[in-house]
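K.L.:
fold the following for me, if possible:
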Amino acid sequence: MSDFDSVMKLTATVGSPVLLEPDECALFYRTLTQLEAGSSILEIGVSYGRSTSLILQEAKTQGHDVDLVDPFLDEPDSLRRFIQMAGNTDANFSLHKMTAERWFASGRSLNIYDFIHIDGSHVYADVAADCKRLDYLTASGAFVLFHDYGRESLPDVKKAIDEKIGEVWERVDLVGTLLVVRRK
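P.N.:
Residues are numbered from 1 along each chain as shown. Model prediction:
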């Protein structure tokens, strides 16, 4: 395990703080460090790779298995920038260049994950579908992080999450627009 200041040296160079602000990065990293070595991690929505840089740095030191899902459609250079950043971490991961819906339909999502970060599509139906899958993707004690929760410009995110997160999930923390829940 590294310390937060050292992982932020790389993370601060990735994307923009607006994508995941420094205090959100701190919560994200603290949650990652609670995982046992060799845990399974899924990230839906890689984009510029700011949160992914935190995941991959911790995965390198703790031997985590990482699946990353993103179609890289938003900006043409985002995949190139992601590959450059990922190469700087020297971590093992599987990149699935497709939508979450297509990835799940392909049957590749047979793992049970200890940590899931959802920051893909911000459309209600897509967020609701991602949330619905949590029941078969996680076991007791798993962490799920949602970015853009409560962001006024993306009201569908909060609505879909609030409808899903209930009796099986407990809220752990909320910093900025990063919500952390844990499966009971």
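K.L.:
do you know how far Asp65 is from Val46?
P.N.:
Distance, Asp65 to Val46, by Cβ to Cβ, to the nearest Å: 16 Å. C-beta here means a position set from N, CA and C on the backbone, and glycine is covered the same way.
K.L.:
and those two? Which one has more around it.
P.N.:
Using other Cβ atoms under 10 Å, the more surrounded residue of Asp65 and Val46 is Val46, with 27 against 16.
K.L.:
roughly how far does that one sit from Ser94?
P.N.:
If you go by Cβ to Cβ, the gap between Val46 and Ser94 works out to 12 Å.
K.L.:
shared neighbours, those two?
P.N.:
By Cβ atoms under 8 Å, 6 or more residues apart in numbering, Val46 and Ser94 have these common neighbours: Leu68.
K.L.:
ok so Cys131 is a helix residue?
P.N.:
Yes: counting by DSSP: H, G, I helix; E, B strand; the rest coil, one finds Cys131 located in a helix.
K.L.:
and the closest residue to Gln62 other than its chain neighbours, backbone torsions?
P.N.:
Of all residues not flanking Gln62 in the chain, Ala37 sits nearest, at 4.7 Å (Cβ to Cβ, 6 or more residues apart in numbering). Phi and psi for Ala37, reported as degrees, to the nearest 10, are phi -60, psi 140.
K.L.:
mind listing what Ala37 touches?
P.N.:
Residues in contact with Ala37 (Cβ under 8 Å, 6+ apart) are 62-64.
K.L.:
closest one of those residues to Phe104?
P.N.:
The nearest member of the contacts of Ala37 to Phe104, counting by Cβ to Cβ, is His64 at 20.7 Å.
K.L.:
from Glu163, how far off is that closest one?
P.N.:
From His64 to Glu163 the distance is 30 Å (Cβ to Cβ).
K.L.:
more neighbours, the two?
P.N.:
Counting neighbours by other Cβ under 10 Å for His64 and for Glu163 shows that His64 has the greater number, 23 against 13.
K.L.:
who touches that one in this structure?
P.N.:
His64 touches 35, 37-41, 55, 58, 115, counting by Cβ under 8 Å, 6+ apart.
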